[in-house]
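*Asks:* Coordinates for the following, if possible.
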Amino acid sequence: MSVISIQRTHQFSLEELREKIDKIINEISKKLELFSEWESDKILLFRRKGVNGCIEIDNNNFELTLRLGMMYRMLKGSIENEVTEVVNGYIK
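*Replies:* Numbers count the residues shown, from 1 in each chain. Sure, this is the predicted structure:
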């Protein structure tokens, strides 16, 4: 399994950050057709066949972890670039 990990520090309230994460996951879901749900106030899980991951947040940190199954390994570079671009648009 291939893993993409994106970490950022932030200065947002948790409420503001959750709103940004909802926008991030909506954009990523359009490309990867993900199903997502908040497991708790600080963990968003997402998945589809061959792809799964989570976004974990706290008062200062944002971490997106995306695990790619065998079928998506060859696309890791392009998927990582697209996901990073989306994250950078909301978390700076």
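
*Asks:* quick one, helices of this protein?
*Replies:* 14-32, 76-90 (DSSP state H).

*Asks:* Not counting sequence-adjacent ones, nearest residue to the spatially most central residue of the chain?
*Replies:* In the chain, the residue lying closest to the centroid (CA atoms, centre = their mean) is L64, at 4.3 Å. Once flanking residues are discounted, L64 sits nearest to I6: 4.5 Å by CB to CB, 6 or more residues apart in numbering. Any C-beta I mention is one placed from the backbone N, CA and C, and that applies to glycine too.

*Asks:* And for G53?
*Replies:* Looking at G53 with CB to CB, 6+ apart, the closest residue is L66, at 4.0 Å.

*Asks:* is it true that that neighbour touches R48?
*Replies:* No. Look at L66 against R48 with CB atoms under 8 Å: they stay out of range, at 11.0 Å.

*Asks:* With neighbour numbers in mind, choose between these two.
*Replies:* With neighbours defined as other CB atoms under 10 Å, L66 and R48 compare such that L66 has more, 23 against 14.

*Asks:* for that one, what are its contacts?
*Replies:* 3-5, 51-53, 79, 83 (CB atoms under 8 Å, 6 or more residues apart in numbering).

*Asks:* Out of these, the closest to S40 would be?
*Replies:* G53 (15.5 Å; CB to CB).

*Asks:* what's across from that closest one in the sheet?
*Replies:* F46, L66 (DSSP bridges).

*Asks:* In this structure it contacts Y72, no?
*Replies:* No. Using CB under 8 Å, G53 is not in contact with Y72, being 11.5 Å away.

*Asks:* coming back round to it: from the contacts of L66, list the buried ones, please.
*Replies:* 4, 51-53, 79, 83 (16 or more other CB atoms under 10 Å).

*Asks:* Dump those to JSON lines, plus distance to E37 and pLDDT.
*Replies:* Formatted as JSON lines, those follow (distance: CB to CB, whole Å; pLDDT from 0 to 100):
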{"residue": "I4", "distance to E37": "20", "pLDDT": "98"}
{"residue": "V51", "distance to E37": "15", "pLDDT": "96"}
{"residue": "N52", "distance to E37": "12", "pLDDT": "97"}
{"residue": "G53", "distance to E37": "13", "pLDDT": "97"}
{"residue": "I79", "distance to E37": "21", "pLDDT": "96"}
{"residue": "V83", "distance to E37": "19", "pLDDT": "97"}
